[in-house]
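>>> using only what follows, build the 3D model:
(2 chains)
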Amino acid sequence: MTPTTIKKLFRSSNEQVVHRLLSLSDEPTGILEVDGTRLYANNALDGRSDVERTALMQDDQVAGWVVGQAGSKWKTDLVLLLQHLLTQESAKAALASEVLDNYRELHLLYRLSEELALSLEPESIGRVALKEICPLIQASSGFVLLTDENLQGLQVIAQCQQEYQIRPGPFKPDGVLMQVIQTGISQLSNDQPADEYFLDSGDMPISMLCAPLKTEKRVWGAITLVREAARPFSAGDFKLLNAIAMQTASVIEIAHLHRVELEAARIERDLQMAQRVQSGLLPRKMPVLEGWTVAALWQPARTVSGDLYDFIHFPDGRLGLVVADVADKGIHAALVMANTRSILRGVAASAGRKGSISPGHILSRVNQVLREDMADGMFVTCLLAILDPHSGSVRFANAGHNLAYLRTGQEVSELHATGFPLGIFSNADYEEKETMLNRGDSLLIYSDGLVEAHNPQGEMFDYPRLSQLLKHAPDATSLEGVSLLQRLMAELAAFTGPNWEQEDDVTLLTVYRQ
Amino acid sequence: MESKLQKKVLIVDDEAYVRLLIEQTLEDLEDQGVRIFQATDGEDALRLVRQEKPDLVCLDVMIPKLNGFEVCRTIKRELKMEDVYVVILTAKGQEYDWLAGKEAGADLYMTKPFDPDELLVLVERVLSLHDSNHH
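Numbering: from 1, shown residues only, chains lettered A, B, ... in the order given. Model prediction:
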């Protein structure tokens, strides 16, 4: 800031006051600039030699001169008044300079927020912040680095006016940078060893300003400005960098959330696509058999499911009924489910061609093939029943799946047959049993999503409840096909309450003999 | 360097700190002999325009008596002082005023907070531009 001199009084809003003041006396009077240049002189001063000059002072420096008669009261008063005006003008200039500095900062923050709003990549956010702050604070270099959630893995994402290359780290844990990141508190140090942060910089001392990029959530990194120690940073620089760091941090957080959101959206799209593909693997239509009603329901807990139901049409008119459940949920389970379906269809088709349609043998062969590709710890439970629609005979085998229910007359019974789940052992045998469905009888095959559902009190739906629902049907039609499945799902909904978050996939398959 | 050759800038704003701010921004120009005048409302602004014939006017929009657009229109249309370079200053978020400023004949439109350095460069440029026009 240029010092305020007497010249300023002659061109500011004080100008008229000063001229009026000077015109008040006829005594010889003159005003000189610091270098002696005449700013004002009245006629009385012409040719006078008995005058002297008195200095007007401002901040211990001469700000101008008043010329007048020695010992004149007028001159003494004039000096006093001008001195007063000068002091006021100087205070106003100091204030104006401060206002201007603050305004520059305000303008910077405005521009920064505008520019940052256009950035969604942490790298460009860091660059924008440095581009604005480095010139204003007159830093000789600056860099922005990010850290991971554990405050490790520092990575420089932007730098400006880099004279020396930044060290790849690790930085001293008790050094300024690491302290700022660990504590989330800014630091100003005007005596730091340069070589701790820069390569080939020698051991010259540097001034360093470091502010954390911190939001309510966490510390995302830090912004650091440096310059030679001979030019220390001020408290004002410190305050400004903090303001910028706060703004930058919140935009970096938004950028991070944006990235996470984009990723989540991509996964969601993938899942939706996977669900479409997976539902395409399920039978599009229910089999139409004279004298029989067949119905199935599939309700995944997540977008995709590890449950499967299928119908296999054998050449001799028999119908294979399949319900399987992969011991997992999500994409992994869905892939295993798709694989199981293909293998089952392949093995069943082969058996059908050979004319030896045995559910036990089919499951045994499926197990062998599936086992080869199965990850450890994964398995599939599966119930395969083969219905002869002419006789009503049902031959079935069970690979560790929930027992199917048979309702015959007023009684409900479980169809027992032993066997390990598929995919655990390379060789497994499956017990094969046979039962009959007479007119009015129905068979229900299901996955554990129904019986293992919980209500808000933590109670399980469980097998007895399902068996009772089958046993005590309000009327004959409520045992048949879709009606039965709808009734079971309504009971499940009533049991779990409205805010139920489905725990597992639910699959139901039923056959009713008319 | 008296009257006609002396460059003049008029600052019109009813907020004291903005006037102070612009004056401080142009402080170095004052040392080079540029005279700076200030007005706090539209009528006072027009009085000074008639009296001093400034080379450049920094004109806030929201000022008492006559608003900035009316002052600008009067300068450019009624007083036919097309040579007076008018910079309209307006608050952030009222950028839609841009058209009104254009319509009133303003030479430039700046939003507050303005960049002091940008304003200084502009004033320097405009004043020396006027210089070459005069010659």
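>>> next up, the contacts around the nearest residue to B:A91 once chain neighbours are set aside.
Once flanking residues are discounted, B:A91 sits nearest to B:K112: 5.4 Å by C-beta to C-beta, 6 or more residues apart in numbering or on different chains. No exception for glycine: its C-beta is placed from N, CA and C like everyone else's. B:K112 makes contact with B:V18, B:L89, B:T90, B:A91, B:K92 under the criterion C-beta atoms under 8 Å, 6 or more residues apart in numbering or on different chains.
>>> what's the helix or strand for whatever residue of the stretch 1-150 of chain A ends up closest to chain B?
Residue nearest to chain B within the stretch 1-150 of chain A (C-beta to the nearest C-beta): A:A96, separated by 3.8 Å. Using DSSP states H and E, A:A96 maps to helix A:73-117.
>>> now B:W98: closest residue in space, sequence neighbours ignored.
Closest residue to B:W98 apart from its sequence neighbours, by C-beta to C-beta, 6+ apart: B:Y109 at 5.3 Å.
>>> and what of B:D115?
In space, B:D115 is closest to A:H107, 5.4 Å off (C-beta to C-beta, 6+ apart).
>>> also A:A93?
Spatially, and ignoring its direct neighbours in sequence, A:A93 is nearest to A:T4 (5.2 Å; C-beta to C-beta, 6+ apart).
>>> ok, A:A158 next?
A:G126 (3.1 Å).
>>> for the residue of the stretch 251-400 of chain A found nearest chain B, grab phi and psi.
Residue of the stretch 251-400 of chain A nearest chain B, by C-beta to the nearest C-beta: A:V251 (18.6 Å). Backbone torsions for A:V251, taken as degrees, to the nearest 10, come to phi -70, psi -40.
>>> surely it and A:L116 touch.
Yes. In this structure, A:V251 is within contact of A:L116 by C-beta atoms under 8 Å, at 4.4 Å.
>>> what's near enough to touch A:Q368?
When contacts are counted by C-beta under 8 Å, 6+ apart, A:Q368 touches A:S426, A:N427.
>>> A strand includes it, no?
No. The assignment for A:Q368 by DSSP: H, G, I helix; E, B strand; the rest coil gives helix, which leaves it out of any strand.
>>> near chain B, which residues of chain A?
Remark: the part of chain A in contact with chain B comprises A:2, A:11, A:13, A:92-93, A:95-97, A:99-100, A:103-104, A:106-107, A:110-111, using C-beta under 8 Å from any C-beta of the partner chain.
>>> any of those buried? List them.
The neighbour count (16 or more other C-beta atoms under 10 Å in any protein chain shown) marks A:K92, A:A93, A:A96, A:V99, A:L100, A:Y103, A:R104, A:H107, A:Y110 as buried among the residues of chain A next to chain B.
>>> quickly note the distance from the first one to B:E15.
Right, the one you point to is A:K92. Per C-beta to C-beta, to the nearest Å, A:K92 is found 16 Å from B:E15.
>>> ends of stretch A:26-35, what's the gap?
One end of stretch A:26-35 sits 25 Å from the other (C-alpha to C-alpha, to the nearest Å).
>>> need the pLDDT of A:A493.
The model reports A:A493 with a pLDDT of 92.
>>> what of the one 4 residues further on?
Here, the pLDDT recorded for A:G497 equals 90.
>>> please name the nearest non-neighbouring residue to it.
Going by C-beta to C-beta, 6+ apart, A:G497 has A:P456 as its nearest residue, at 5.4 Å.
>>> give the other helices and strands that the biggest strand by length in chain B contacts.
Of all the elements of type strand in chain B, the one with the most residues (DSSP state E) is strand B:85-91. For strand B:85-91, the packing partners by 3 or more C-beta pairs under 8 Å, 6 or more residues apart in numbering or on different chains; DSSP states H and E come out as strand B:56-60, helix B:68-73, strand B:108-112, helix B:116-134.
>>> and of those, who's closest to A:G352?
A:G352 lies closest to strand B:108-112 among the helices and strands packed on strand B:85-91, at 79.6 Å (C-beta to C-beta).
>>> direction included, what does that closest one pair up with?
Partners of strand B:108-112 in the sheet, by DSSP bridges, are strand B:85-91 (parallel).
>>> what sits up against the strand it pairs with?
Contacts of strand B:85-91 (C-beta under 8 Å, 6+ apart): B:13, B:18, B:55-62, B:68-69, B:72, B:75-76, B:97, B:101, B:104-112, B:114, B:119, B:122, B:126, B:130.
>>> got a list of what A:S393 touches?
A:L387, A:E434, A:T435, A:M436, A:L437.
>>> repeat that for A:P456.
With C-beta under 8 Å, 6+ apart, A:P456 has these contacts: A:T496, A:G497, A:N499.
>>> doesn't B:D117 make contact with the residue nearest to B:D115?
No. Using C-beta under 8 Å, A:H107 is not in contact with B:D117, being 9.2 Å away.
>>> can you pull out the strands in the stretch 151-300 of chain A?
Remark: strands assigned in the stretch 151-300 of chain A by DSSP state E, counting those that start in this stretch are A:155-160, A:187-193, A:205-214, A:219-228, A:292-299.
>>> okay, those in CSV with mean pLDDT and mean neighbour count next?
CSV is the format used below for the strands of the stretch 151-300 of chain A (pLDDT from 0 to 100; neighbours: other C-beta atoms under 10 Å in any protein chain shown):
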stretch, mean pLDDT, mean neighbour count
strand A:155-160, 87, 18
strand A:187-193, 86, 17
strand A:205-214, 91, 25
strand A:219-228, 92, 24
strand A:292-299, 93, 19
